[in-house]
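> Can you look at this prediction? I've put the sequence above it.
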Amino acid sequence: MSTVKMLRALPQGRHIAKAEQWGMALLEALIALLIFSIAVLGLIGIQANMVTNTTEAQFRSIATYIAQQKIGRIWANPSEDERAALIGAEVSQPIDPSLLPSGLSTVSAPDLGMLRVTVTWGVSPEEHEAQVAEEVPRFNNVTIDARVMEGDES
C-alpha cells in the first residue's frame, strides 16, 4: 500500500512543479510587456519632441523670411524720407495668422545707419513690445540687425 501512495504522490509533485512554472512564465511575460511599454512610451516622447522642434524651426524660418523681406523693402527705397516713413509704418504690425500664430513685427532704427527688425509669434502684443525694447528675455523671436546704406537725396 505504501508503494501505491508513492506512485500517486509523484504525479502530483510534477503537477505542482508545472503550476509553479506557469506562474513564472506569466511573471516573465508581464515583465517583458512592461519593458516593451516603457520603450514604446519613450519612442512616443521622442516623436512628440521631434514634432515640436520641427514646428519651431518652421516658425523661425518663416519669421526670418518676413524680416528679410522688410529689410529688402527698406533697402529698395534709397531716400532718407521714404525710409523714415517705412520705418514709422512698421511698428507692431500684425502678421498673417496662417504664417505665424499671433505674429507681430516691428522695424526700428536704434542707431544712425542701423535697422532692427523684430518678428515674434505666439506672444501677446505687450510681450512683443517688451521684447522689442529688450526688457524681457526673448523667446519665439527673430531679431535681425542690418546696416542701412546711404541713399540719394535727389
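Great, that's in hand. Numbers count the residues shown, from 1 in each chain.

> where do the helices sit along the protein?
2-75, 80-89, 125-132 (DSSP state H).

> Any idea which of those helices gets closest to Pro97?
helix 2-75 (11.8 Å; CB to CB). (Each C-beta comes from the backbone N, C-alpha and C, glycine too.)

> Tell me what angle that closest one forms with helix 80-89.
Interaxial angle, helix 2-75 versus helix 80-89 (axes from the mean of the first three to the mean of the last three CA atoms, to 10 degrees): 150 degrees.

> So which elements touch helix 2-75?
The contact analysis (3 or more CB pairs under 8 Å, 6 or more residues apart in numbering; DSSP states H and E) places helix 2-75 against helix 80-89, strand 104-108, strand 114-120, strand 141-147.

> could I get the ones you listed as JSON lines with mean neighbour count, distance to Thr52 and mean pLDDT?
What follows is the helices and strands packed on helix 2-75, written out as JSON lines (neighbours: other CB atoms under 10 Å; distance: least, CB to CB, whole Å; pLDDT from 0 to 100):
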{"stretch": "helix 80-89", "mean neighbour count": "14", "distance to Thr52": "35", "mean pLDDT": "79"}
{"stretch": "strand 104-108", "mean neighbour count": "21", "distance to Thr52": "22", "mean pLDDT": "88"}
{"stretch": "strand 114-120", "mean neighbour count": "22", "distance to Thr52": "18", "mean pLDDT": "89"}
{"stretch": "strand 141-147", "mean neighbour count": "16", "distance to Thr52": "17", "mean pLDDT": "85"}
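
> Dump these into a markdown table; add distance to Ser98 as well.
Formatted as a markdown table, the helices and strands packed on helix 2-75 follow (distance: least, CB to CB, whole Å):
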| stretch | distance to Ser98 |
| --- | --- |
| helix 80-89 | 22 |
| strand 104-108 | 15 |
| strand 114-120 | 15 |
| strand 141-147 | 18 |
